[in-house]
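A.B. asks: predicted model follows, preceded by the sequence.
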Amino acid sequence: MLRHSSILAPLSPTPPCFVKRAVMVKRPLGFLTIPGLITGLVVILIVLGAGLAFGGVLFSPGALNAQAGALVGGVASHAEFTGRCSACHAFFWQSATMADRCVVCHTDVAAQQADPLSLHGSLLKKNSHLTCRTCHPDHRGASASLTDLSKADIAHDIFGYSLLAHPKKADSSPFTCGDCHVNAYGSTFDQAVCIDCHQQIKADFMLTHQQVYGNACLACHDGIDTYGHSFDHEKVAFPLTGMHTQLDCATCHKGARNLGDLQSTPQNCNACHAKDDAHKGQLGTDCAACHTTSGWAPATFDHAKSKFPLTGAHTTLECTRCHLHNEFIAIDTACYACHARDDAHDGQLGSLCATCHTTNAWSPSTFDHGKSKFPLAGTHSSLPCSDCHPDKTFAPLDTACYSCHARDDAHNGQFGTSCDACHTTTAWLPASFDHSKSGFPLTGAHTSLPCSACHPNDMFSPLDTTCFSCHARDDDHNGQFGTDCGTCHSTTAWLPASFDHSRIGFPLTGAHASVGCSGCHTGGGFSGLSTICASCHADPAFHAGLFTGMSCDQCHNTSVWVPAQYNQPHPNACTEVACVGHEGATCRDCHTLNLMSATCLKCHDSNNPGDGDD
């Protein structure tokens, strides 16, 4: 105390620096004193002892989860690790993390992390910042949940079920993971959750829907309602039309339990409508041949598409006249099958009634080959009937030459099937074709045309040989000159064409000869034109109407319109003295404006009254 007092005493002769040095040297050492160090060491030993004795519980922030599950890493719950912190927590000097410790036990999670299409792989891909304990926190109590996905962004679509159509629950509150995954997260999902939720929305619909399609919601639904109320049947192979559009889905897809069942629903009519088949399968299973989706009845049947098209009186018969007892197949289509009772020949001419009869009426009936579609000529007339009608088959026969003579065609069809273009019924050989001997000899440009230009589709006869039959499209005269194109055109070339005006009542002379046709024939009119000059050459104002009714050619000619020669008596005012020299004047020398006025001043000015010689 004396030492301290002397240090603190005022007016001490000792310098301050020495006083401070003395204080620093003499200050107590605190815990670094021998008693302090001993105490610290004892505390450390006590803590280490407690840690070894109680397994780290001393440092635990809370109890571990004790919910028992499948054995993983030899334990059924995290609570079994109580006291063994190092099972999950690495020491601070170790490089391993808690996530590394997690996958030692949870090996399935380690495998998933390598697969981006798995739950944990997709989470890791989309949430690279996540660790195991972000979603699986522990030490929150024995019964607390081990899963908290509130901080994770889950790519739900990769699991085959989108959350696009599930933003809100029936009460309009947002969905949480636990709303659907009420028991646990993972690969299994209790689909009863779907049913419970949707029954709150539309209970009556769900009752019927379950009865028809069962309870496996995920077998058909993908979360975006691909196969729901908005399904567009137009985009699949069986678009809905007519009455089909009014049917409930279950009508055709009854008993479907998954997408495979829906997609494998039969698309043929008979699969659904066999029960409605009044024909008992006799007409096959193609219901659409007679029926439409607009309604099952009325139905139509096109007999023309069958093996027995209806013609003549057959078209007005009731179906039951031929189809007794609703029998539609295996019906004999031969005339004799129905008309044997009408055969007045007792079978002497065979059973081919159509040889002499037609469907128009049973009688009268006649047969004259000359009046048939195939008159017999040449060697045909001497052939026995059986050559063309074997087995007494008389009709229907193909009357084209090729039907019999295909075997004789040395051209292999290159010239078509109209044999008579080169062959005759007199003899098959020799054969020749010379257009100059036909009804239409080829001349001029016709000789260079390919046959198909006039004979399309190998049709060689009979053809119309008039020019107009081919050249009607080239007729700029709209038929005003008739159909005899050869009057002006030749086979050398269609243009230029010439017309001999001298052959009609108005031959062209003088300047008329060089006027284009359209100069007189305006608007394409060629007939009914007036030949009077005034129809084209209107009376000029210069005439002042003096020559009305007179023909223009009394003064004018076709060589040139002016000057014109006046050839009629001229009124002359010079009654006493002959007007000598006026004969050389033109009309316009005196009549400068028109014929109704005249002046002498062009030749005789006011200072030259004339001497009687002008």
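C.D. replies: Here it is on my side, so go on.
A.B. asks: any stretches of the stretch 151-300 of the chain with poor pLDDT?
C.D. replies: Low-confidence regions of the stretch 151-300 of the chain, defined by pLDDT under 70, span residues 186-187.
A.B. asks: in it, which spans are strands?
C.D. replies: Counting by DSSP state E, counting those that start in this stretch, the stretch 151-300 of the chain has no strands to list.
A.B. asks: run through the helices of the stretch 1-150 of the chain in chain order.
C.D. replies: Counting by DSSP state H, counting those that start in this stretch, the stretch 1-150 of the chain has helices at residues 2-8, 16-26, 34-54, 98-105, 107-113, 119-126, 132-135.
A.B. asks: hmm, I typed the wrong one, I wanted the stretch 151-300 of the chain.
C.D. replies: 177-180, 192-201, 203-213, 249-253, 259-263, 269-273.
A.B. asks: comparing the helices of the stretch 1-150 of the chain by mean pLDDT, which bottoms out?
C.D. replies: Ranked by mean pLDDT, the helices of the stretch 1-150 of the chain end with helix 2-8 at the bottom, a mean of 32.
A.B. asks: please verify my assumption that Cys105 contacts Val72.
C.D. replies: Yes: the pair Cys105 / Val72 is scored as a contact, 5.1 Å apart, by Cβ atoms under 8 Å. C-beta: built from backbone N, CA, C; applies to glycine.
A.B. asks: give me the more crowded residue out of the two.
C.D. replies: Counted by other Cβ atoms under 10 Å, Cys105 and Val72 do not tie: Cys105 has more neighbours, with 18 against 14.
A.B. asks: once you drop chain neighbours, what's closest to the more buried one?
C.D. replies: Gly73 (3.0 Å; Cβ to Cβ, 6 or more residues apart in numbering).
A.B. asks: ok, Thr285 next?
C.D. replies: By the measure of Cβ to Cβ, 6+ apart, the closest residue to Thr285 outside its immediate chain neighbours is Asn270, 3.6 Å from it.
A.B. asks: repeat that for Arg133.
C.D. replies: Nearest to Arg133 is Met98, by Cβ to Cβ, 6+ apart, at 6.0 Å.
A.B. asks: burial of the one you found, as a residue count?
C.D. replies: Neighbour tally, Met98, other Cβ under 10 Å: 12.
A.B. asks: can you tell me how far it sits from Cys85?
C.D. replies: 11 Å (Cβ to Cβ, to the nearest Å).
A.B. asks: also Leu64?
C.D. replies: Taken as Cβ to Cβ, the span from Leu64 to Cys85 is 10 Å.
A.B. asks: before we move on, what about Phe175?
C.D. replies: Taken as Cβ to Cβ, the span from Phe175 to Cys85 is 37 Å.
A.B. asks: and those two? Which one has more around it.
C.D. replies: Cys85 (16 against 13).
A.B. asks: is it correct that the more buried one is in contact with Ser60?
C.D. replies: Yes: judged on Cβ under 8 Å, Cys85 makes contact with Ser60 at a distance of 7.4 Å.
A.B. asks: returning to what we had before: how many other residues sit next to the residue nearest to Cys105?
C.D. replies: Per other Cβ under 10 Å, the neighbour tally for Gly73 reads 14.
A.B. asks: ok, now which ones touch it?
C.D. replies: For Gly73, the contacting residues are 104-106, by Cβ atoms under 8 Å, 6 or more residues apart in numbering.
A.B. asks: quick one, grab the pLDDT at Asn65.
C.D. replies: 90.
A.B. asks: correct me, but it touches His136?
C.D. replies: No: the criterion here is Cβ under 8 Å, and Asn65 misses it with His136 at 9.2 Å.
A.B. asks: shared neighbours, the two?
C.D. replies: Joint contacts of Asn65 and His136 (Cβ under 8 Å, 6+ apart) are Leu146.
A.B. asks: compare the two (neighbour count), which wins?
C.D. replies: Each of Asn65 and His136 has its neighbours counted (other Cβ under 10 Å); Asn65 has more, 22 against 17.
A.B. asks: list the contacts of that one.
C.D. replies: By Cβ under 8 Å, 6+ apart, Asn65 lies in contact with 77-79, 138, 140-144, 146.
A.B. asks: so it versus Thr97, what's the distance?
C.D. replies: Applying Cβ to Cβ to Asn65 and Thr97 gives a distance of 20 Å.
A.B. asks: what do you get for Ala511?
C.D. replies: Remark: distance between Ala511 and Thr97 (Cβ to Cβ) = 116 Å.
A.B. asks: wait, Asn258 sits on Cys220?
C.D. replies: Yes: with contact defined as Cβ under 8 Å, Asn258 counts as touching Cys220 (6.3 Å).
A.B. asks: between these two, which one's more packed in?
C.D. replies: A count of neighbours by other Cβ under 10 Å puts Cys220 above the other of Asn258 and Cys220, at 19 against 14.
A.B. asks: so who does the more buried one touch?
C.D. replies: So Cys220 contacts 213, 227, 256, 258-259, 262 (Cβ under 8 Å, 6+ apart).
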